[in-house]
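Peer 1: Generate coordinates for the sequence data below:
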Amino acid sequence: MTLEQNYRSSQPILDTAHAVIRVNQDRAAKRLWTERGGGEPVRLIPVYDEQEEALTVCGEIERLIGNESYSLSDFAVLYRTNAQSRAFEDVLLRRGIPYRLVGGLRFYERKEVKDVLAYLRLVANPRDPVAFGRIVNVPRRKIGDRSVAELERIARKRRISPFEAVEHVGEEAELGPAALQALSGFGKLIAGLGEQSLRLPVPRLLERIVEETGYQSMLRDGTPEGEERWANVTELVGYSEEYEDVPPPDGLHQFLENVALVSDVDSLDDTKSGVTLITLHQVKGLEFPVVFLAGMEEGLLPHIRALEEGDEGIAEERRLTYVGVTRAQQRLYLLHAFRRHLYGSAQTAQASRFLADIPPEMLTVVRRPGGPPVTAPRRPGAVREAVHAQAVRANPVEIAPQRYSAGMRVEHPKYGAGTILKSTMTRAGEEVVIRFDDAGMKIFAVADAKLFPAGG
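Peer 2: This is a model prediction of the structure:
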């Protein structure tokens, strides 16, 4: 036996890993091999955006579990940045698929996400004391604990909210000029944002909030940690784009309602089996029968910071990709989106240069529903061209018409009878919020849910 032998991964996976890493100049010239014969081809899946990426992964997980002997713990979704987990978390939750987020907080539990959502909630409802308490001094604006305590005292006395008490603090509190000025400025800030919420769609309102409150400047302090936290904020802005066409202020209220439903779903238990969501930096030493490597795009993998660092940075990103590829034992899927929300805006994404390093005959490019025919690429650069041809527009499959409306009674084979609270048409089709008589509130994609008329 030599050190090149690998007992875990199939040969197609090892060949793909070698194709990626061989470009590194400092890499020892060894090629992994296995005695395991055959193996599934590595599949390259072009998608339109991060939403379709998550839907595609979840659909393939459901297909493999239904048709083969895989369990949830056999699957792992790997990605370069923590912000990429948001779309996968949302879709897994909506489809009722348990998951384990390794090495980090769930998206809606991250401080910066909770802060920005608190701003939104306070703008939508100035009487929200929890939202007020969370962001009254974030970023720091010289509103200390004493000032907050005075506001709470006034609020209790007058039976109003702490934010409403800002108008009366000068009359009833013995605070210095600096504190009074800071409180007055905060009151005007939120009032101004409230006025803007009546005419701006949710994405534009979010952009105004992070800019005018100073939150963006606070996060973008020039450190990698700050940029990673900022990426979570821009991911939230990207998600809100789904509400771009909902007239204000209805869009804001719908967005906050849906975020609350997703973030409050109680079906998660990290002690149980589930799909693993994990970054490439944390996955070394782990291995899974089926791996989805998401975000194979310039700016993500390789990361934009690596592109700025030059050859050394790209070489490290190539090593990360190699690690990710070799975590797969039986099946490997590489995913590339044509359009993704990055660094504050929706951008056209170019396929990762690492895909161009893989000989075309090693990859099976998966045809998107309604996409153009796929021919086996046989020349350098053809892989990128095939990906681009497949993913340049949103999934063209016709979406089924809306079937449900608020108040309808339905039954589910697992959760029993319930009442439709809300039905929304999304890019992926109809989505319903149901309050079950015994099982509480759940969210379903109608295309995947087995719903029947109550009593039918």
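
Peer 1: Going by C-alpha atoms from here, please, whenever you check contacts or count neighbours.
Peer 2: Fine.

Peer 1: Closest to the centroid, which residue in the protein?
Peer 2: R86 (1.9 Å; Cα atoms, centre = their mean).

Peer 1: so that one touches F107, yeah?
Peer 2: Yes. Using Cα atoms under 8 Å, R86 is in contact with F107, at 5.6 Å.

Peer 1: Got the domain ranges for the protein?
Peer 2: What automatic domain parsing lists as the domains of the chain is 11-106+268-391, 109-261, 402-453.

Peer 1: Now mean pLDDT too, for those domains, in JSON lines please.
Peer 2: Converted to JSON lines, the domains of the chain look like this (pLDDT from 0 to 100):
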{"stretch": "domain 11-106+268-391", "mean pLDDT": "84"}
{"stretch": "domain 109-261", "mean pLDDT": "92"}
{"stretch": "domain 402-453", "mean pLDDT": "82"}
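
Peer 1: OK, contacts around P126?
Peer 2: The contact partners of P126, by Cα atoms under 8 Å, 6 or more residues apart in numbering, come to 132, 161, 163-164.

Peer 1: just these now: which is nearest Y79?
Peer 2: Relative to Y79, the closest of these is F132; by Cα to Cα it sits at 34.2 Å.

Peer 1: which residues of the protein fall in strands?
Peer 2: Per DSSP state E, the chain carries strands over the ranges 42-47, 75-79, 99-101, 275-279, 288-293, 328-337, 339-342, 345-348, 363-365, 409-412, 416-426, 429-436, 440-445, 452-453.

Peer 1: As CSV, those with mean neighbour count and distance to E212 would be great.
Peer 2: Formatted as CSV, the strands of the chain follow (neighbours: other Cα atoms under 10 Å; distance: least, Cα to Cα, whole Å):
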stretch, mean neighbour count, distance to E212
strand 42-47, 24, 35
strand 75-79, 25, 32
strand 99-101, 21, 33
strand 275-279, 22, 32
strand 288-293, 23, 37
strand 328-337, 24, 31
strand 339-342, 21, 20
strand 345-348, 15, 17
strand 363-365, 21, 45
strand 409-412, 19, 45
strand 416-426, 18, 30
strand 429-436, 21, 34
strand 440-445, 20, 34
strand 452-453, 12, 48
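
Peer 1: how about these in JSON lines, adding distance to L301?
Peer 2: Compiled in JSON lines, these are given as follows (distance: least, Cα to Cα, whole Å):
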{"stretch": "strand 42-47", "distance to L301": "15"}
{"stretch": "strand 75-79", "distance to L301": "9"}
{"stretch": "strand 99-101", "distance to L301": "20"}
{"stretch": "strand 275-279", "distance to L301": "12"}
{"stretch": "strand 288-293", "distance to L301": "10"}
{"stretch": "strand 328-337", "distance to L301": "10"}
{"stretch": "strand 339-342", "distance to L301": "13"}
{"stretch": "strand 345-348", "distance to L301": "15"}
{"stretch": "strand 363-365", "distance to L301": "18"}
{"stretch": "strand 409-412", "distance to L301": "41"}
{"stretch": "strand 416-426", "distance to L301": "28"}
{"stretch": "strand 429-436", "distance to L301": "30"}
{"stretch": "strand 440-445", "distance to L301": "30"}
{"stretch": "strand 452-453", "distance to L301": "44"}
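
Peer 1: Contacts only, for the closest residue to L193 other than its chain neighbours.
Peer 2: Of all residues not flanking L193 in the chain, V123 sits nearest, at 6.4 Å (Cα to Cα, 6 or more residues apart in numbering). Contacts for V123 (Cα under 8 Å, 6+ apart) come out as 190-191, 193-194, 197.

Peer 1: Using ChimeraX, define a selection of the buried residues within the residues you listed.
Peer 2: Restricted to buried positions by 16 or more other Cα atoms under 10 Å, the ChimeraX selection for these reads:
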select :190,193,194,197
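
Peer 1: Show me the contacts of V123 that map onto helices.
Peer 2: 190-191, 193-194, 197 (DSSP state H).

Peer 1: Kindly indicate which of those lies nearest D311.
Peer 2: L193 (44.6 Å).

Peer 1: contacting residues for the closest one?
Peer 2: 123, 205, 208-209.

Peer 1: now P413
Peer 2: Counting by Cα under 8 Å, 6+ apart, P413 touches 450-451.

Peer 1: Ramachandran coordinates for it?
Peer 2: Phi and psi for P413, reported as degrees, to the nearest 10, are phi -60, psi -30.

Peer 1: how much space between it and A445?
Peer 2: 15 Å (Cα to Cα, to the nearest Å).

Peer 1: and what of E109?
Peer 2: Taken as Cα to Cα, the span from E109 to A445 is 23 Å.

Peer 1: R95 now?
Peer 2: Per Cα to Cα, R95 is found 7 Å from A445.

Peer 1: now E207
Peer 2: 29 Å.

Peer 1: since we're on K284, how many residues are nearby?
Peer 2: The number of residues packed near K284 is 13, by other Cα atoms under 10 Å.

Peer 1: repeat for E60
Peer 2: 13.

Peer 1: what do you get for A306?
Peer 2: Using other Cα under 10 Å, A306 has 18 neighbouring residues.

Peer 1: Wait, it touches E317, no?
Peer 2: Yes. When contacts are counted by Cα under 8 Å, A306 is listed as touching E317 (7.1 Å).

Peer 1: How many residues are close by D145?
Peer 2: 10.

Peer 1: cool, V113 as well?
Peer 2: V113: 18 neighbours (other Cα under 10 Å).

Peer 1: For it, give its distance to H341.
Peer 2: 16 Å.

Peer 1: and what of P46?
Peer 2: 16 Å.

Peer 1: and what of R318?
Peer 2: Using Cα to Cα, we find R318 at a distance of 23 Å from H341.

Peer 1: got the contact list for the residue nearest to the centre of the chain?
Peer 2: Contacts for R86 (Cα under 8 Å, 6+ apart) come out as 106-107, 235.

Peer 1: what do you get if the cut-off is 7 Å, keeping everything else the same?
Peer 2: Residues in contact with R86 (Cα atoms under 7 Å, 6 or more residues apart in numbering) are F107.

Peer 1: State the number of residues packed around P401.
Peer 2: Other residues near P401 number 9, with proximity taken as other Cα under 10 Å.

Peer 1: Also S9?
Peer 2: 26.

Peer 1: Identify the residues contacting the spatially closest residue to it that is not a sequence neighbour.
Peer 2: Of all residues not flanking S9 in the chain, Q329 sits nearest, at 3.9 Å (Cα to Cα, 6+ apart). Residues near Q329 by Cα under 7 Å, 6+ apart: 8-10, 287-290.

Peer 1: If we use 8 Å, what do you get?
Peer 2: 8-10, 13, 287-290.

Peer 1: again with D245
Peer 2: 201, 251.

Peer 1: Could you measure from R80 over to D128?
Peer 2: Distance of R80 to D128, computed by Cα to Cα: 36 Å.

Peer 1: which one of these two has more residues nearby?
Peer 2: Neighbour totals were compared for R80 and D128, and R80 leads with 24 against 16 (other Cα under 10 Å).

Peer 1: Perfect, I'm done here.
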